[in-house]
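In: have a look at this fold, sequence not included:
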């Protein structure tokens, strides 16, 4: 499902590499990328022209979640579930066909 990954995974990974001390595996798991791709971002080989996207400012995660994962390298970051994503829209009633004889 697309909701379990950040909106712009490479831009988010660029920001996390530049601004946190998370491991490559943690960033790769959170962003849905391969750990070698995250290593390439850190080395400047991948995503050189991509500007980082702050996942905290965009509401994709919380500062406390990043700090928790920085303290424990085995911990994995999780996207918070949006309340709007869990609500189901009411089924829209389709207009019914009215025969010509009744119009």
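Out: Yep, it's here. Please read these numbers as outputs of a predicted model, since none were measured by experiment. Numbering: from 1, shown residues only.
In: ranges for the helices of the protein?
Out: Counting by DSSP state H, the chain has helices at residues 9-19, 24-31, 35-43, 63-71, 83-86.
In: looking at those, which is closest to residue 77?
Out: Closest approach to residue 77 among these (Cβ to Cβ): helix 24-31, 4.3 Å. Every residue, glycine included, has its C-beta placed from N, CA and C.
In: so residue 17 touches residue 27, yeah?
Out: Yes - with contact defined as Cβ atoms under 8 Å, residue 17 counts as touching residue 27 (6.4 Å).
In: which one of those two is surrounded by more residues?
Out: residue 27 (26 against 20; other Cβ atoms under 10 Å).
In: let me see the contact set for that one.
Out: 13, 16, 17, 20, 33, 38 (Cβ atoms under 8 Å, 6 or more residues apart in numbering).
In: residue 102: which of those is nearest?
Out: residue 33 (59.4 Å).
In: pull up the overlap in contacts between residue 17 and residue 27.
Out: residue 38.
In: now the contacts of residue 27 in a markdown table, with distance to residue 57?
Out: Formatted as a markdown table, those follow (distance: Cβ to Cβ, whole Å):
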| residue | distance to residue 57 |
| --- | --- |
| 13 | 16 |
| 16 | 13 |
| 17 | 17 |
| 20 | 14 |
| 33 | 20 |
| 38 | 21 |
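In: burial of the closest residue to residue 73 other than its chain neighbours, as a residue count?
Out: Computed as Cβ to Cβ, 6 or more residues apart in numbering, the closest residue to residue 73 that is not its neighbour in sequence is residue 23, at 5.2 Å. The tally of other residues near residue 23 (other Cβ under 10 Å) stands at 16.
In: residue 23 contacts residue 74, correct?
Out: No - if you go by Cβ under 8 Å, residue 23 and residue 74 don't touch, sitting 9.0 Å apart.
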